[in-house]
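S.K.: dropping the sequence and predicted coords here.
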Amino acid sequence: MVIEQIYTGCLSQGSYYIRSENEVVIIDPLRETQQYIDKANNDNAEIKYVFETHFHADFVSGHIDLARKTGAKIVYGPNANTDYPVYNAKDSEIFSLGKISIKAIHTPGHTPESTCYLLTDENGKNNAIFTGDTLFIGDVGRPDLATSSNITTEDLAGILFDSLRNKIMPLEDEIIVYPAHGAGSSCGKNLSKETFSTLGVQKRTNYALRKDMSKEEFVKELLDGMPLAPKYFKDNAMMNKSGYNSFEDVIEQGNKSLNIQEFKNFLIDPEIILLDVRHQKDFMQKHIPNSIFIGLNGSFAPWVGSIIEDTNKKILLIIPDGKELEALTRLSRVGFDNCLGYLKGGIREWENQGNPIASIETLDSKKFVDILKLNKINILDVRSNSEFDNKHIEGAINYPLSSLQNTFNELKYEDNLYVHCAGGYRSVIAISILMKLGFKAMINITEGFNEILKCNLNENCYNSNMELNCNNI
């Protein structure tokens, strides 16, 4: 028996390759499916089933393409109504795979159709459970992502409480828990960086599995502080439920090298998104005016979804040489299938043709701290609320990047605005958005808050509220 977790850091997502003898099950596959086919071919095995734990909202699954290419059967749990052929497993239905078996355990709550899969090994021992977004390491799935609106978030939270206590917690402590996501995913509030654990450890450490917790307490704790779901989640969930264009067709459509004139002809449409995916250092130095920066070197796909929001938007790309396929693949993972192509020659060709270039004024952390010692300045912190609450510069204003586009009109300042995040990636995204909206006089702190702290490690720079108090430097 082989269990392989295939973890994709950009999405904080785990898919699973399970083999016994010459039969394979794939659980929650990525959209690019060839990797699973290649693994099975190398093992002289056949992909028998594609198990889906639920209608994923944060990425487009590869289940449809994988089934089409291999003849494997797509399996969902009860209540999963799709627009394409699937097999709906009954609660507790058992599937054979070589010498092992896998039981479908219907665990509604995260969504009505959410289903976990319990693996029993060749010795008849319960070995592992694949929990999707029902149970994470350190957390549980948010209950506000159902594709149907006929049930409330509070109702689903209560149902999740019952699923956990009646279906999951009675299982053996030694069982390995393999979830669909880890830290960085928006599918929960406080996911661990660990990508698997044991059920016993989760019973002892996961707040949502406390034995003395009432249903009312569970619902309150689960929903308290739950951030709004990114708007692209609904589009992804519906694509997984209703179907989508094949991955290969999407890549072929977007993999077009456009000359300057072709590129400019598309830019006439004000609805088109010009997306620059180079490194933030390159974008700060020079970029096409009104372009949005989201670099491939960070959590690219989730930020694309959070910033652009509408997966139907048409996109033009500025891509580093040799990164075309990577950019298109990562866009497709979150359902952005309408890429029109990329500029041949990139920013060099744009500049060589005499077209206008924009840049971002920058300041390193040490120089920024030197300015703080002498001046009262305007500081915009685009980290999350929780990061800001933990520790921040006294007097800074906090507009998290995830909601900046909905709150930017509250920003009022007359002088330079110094913008920072934790490491210098999100702040450049924020500045590109604000520049497109007409804001000027913004300065990016290139290494972000992490380096700002290092500049003050030996100083009495924190007050009782854990703020960075620059008056004490």
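M.R.: That came through fine.
S.K.: pLDDT value on the closest residue to Gly109 other than its chain neighbours, please?
M.R.: Leaving aside its sequence neighbours, Gly109 sits nearest to Leu160 (Cβ to Cβ, 6 or more residues apart in numbering; 2.4 Å). Glycine gets a C-beta too; all of them are placed from N, C-alpha and C. With respect to pLDDT, Leu160 has a value of 97.
S.K.: kindly report the same for Asn463.
M.R.: 35.
S.K.: point to the helix or strand of this protein where mean pLDDT is at its lowest.
M.R.: Of all helical and strand segments in the chain, the minimum by mean pLDDT, DSSP states H and E falls on strand 467-468, at a mean of 46.
S.K.: wait, a strand at Ser15?
M.R.: Yes - per DSSP: H, G, I helix; E, B strand; the rest coil, Ser15 lies within a strand segment.
S.K.: hang on, it packs against Ile6?
M.R.: Yes - with contacts counted by Cβ atoms under 8 Å, Ser15 reaches Ile6, the gap being 4.8 Å.
S.K.: please enumerate the strands of the stretch 251-400 of the chain.
M.R.: For the stretch 251-400 of the chain, the strands defined by DSSP state E, counting those that start in this stretch occupy 257-258, 273-276, 292-293, 315-318, 339-343, 361-363, 378-381, 392-393, 397-398.
S.K.: what are the pairing partners of the last one, and which direction each?
M.R.: Meaning strand 397-398. Partner strands for strand 397-398, per DSSP bridges, with pairing direction: strand 378-381 (parallel).
S.K.: now what about the strand it pairs with, what contacts it?
M.R.: With contact meaning Cβ atoms under 8 Å, 6 or more residues apart in numbering, strand 378-381 is reached by 388, 392-393, 395-399, 411, 413, 415-421, 430, 442, 449.
S.K.: among the residues you listed, name the buried ones.
M.R.: 388, 392-393, 396-397, 399, 416-421, 430, 442, 449 (16 or more other Cβ atoms under 10 Å).
S.K.: most widely separated two among these?
M.R.: Spatially, the most separated pair among the buried ones among the contacts of strand 378-381 is Phe388 and Asn416, at 20.6 Å (Cβ to Cβ).
S.K.: circling back: more crowded one of Ser15 and Ile6?
M.R.: Counted by other Cβ atoms under 10 Å, Ser15 and Ile6 do not tie: Ser15 has more neighbours, with 24 against 17.
S.K.: and the more buried one, what does it touch?
M.R.: Applying Cβ under 8 Å, 6+ apart, the residues near Ser15 are 5-6, 8, 26-30, 36.
S.K.: of those, which is the most crowded?
M.R.: Ile26 (31 neighbours).
S.K.: elements contacting the helix or strand encompassing that one?
M.R.: Using DSSP states H and E, Ile26 falls within strand 23-27. Here strand 23-27 touches strand 13-20, helix 34-42, strand 46-51, strand 94-97, going by 3 or more Cβ pairs under 8 Å, 6 or more residues apart in numbering; DSSP states H and E.
S.K.: can you tell me how far Gly384 is from Tyr7?
M.R.: Let me fix one detail, which is that residue 384 is Ser and not Gly. Note on Ser384: its distance to Tyr7, by Cβ to Cβ, to the nearest Å, is 22 Å.
S.K.: neighbour-wise, which of those two wins?
M.R.: Ser384 (18 against 15).
S.K.: nearest residue to that one in space, please, no chain neighbours.
M.R.: Per Cβ to Cβ, 6+ apart, closest to Ser384 is Pro400, 5.1 Å.
S.K.: and that neighbour, what pLDDT?
M.R.: 94.
S.K.: circling back to that earlier point, need the helices and strands packed on strand 23-27 in CSV (columns: distance to Leu434).
M.R.: Listed next are the helices and strands packed on strand 23-27 as CSV, based on distance: least, Cβ to Cβ, whole Å:
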stretch, distance to Leu434
strand 13-20, 30
helix 34-42, 38
strand 46-51, 43
strand 94-97, 52
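S.K.: ok, which of the ones you listed comes nearest Glu122?
M.R.: Glu122 lies closest to strand 13-20 among the helices and strands packed on strand 23-27, at 7.3 Å (Cβ to Cβ).
S.K.: and the closest one, what's its mean pLDDT?
M.R.: Here the average pLDDT along strand 13-20 is 98.
S.K.: mind listing what's buried in it?
M.R.: Buried, per 16+ other Cβ under 10 Å, within strand 13-20: 13-20.
S.K.: neighbours of Arg68, how many?
M.R.: That count, for Arg68 with other Cβ under 10 Å as the rule, works out to 13.
S.K.: could you look up the next helix or strand downstream of the helix or strand containing it?
M.R.: Per DSSP H and E: Arg68 is located in helix 63-70. Note on helix 63-70: by DSSP H and E, the next helix or strand toward the C-terminus is strand 73-76.
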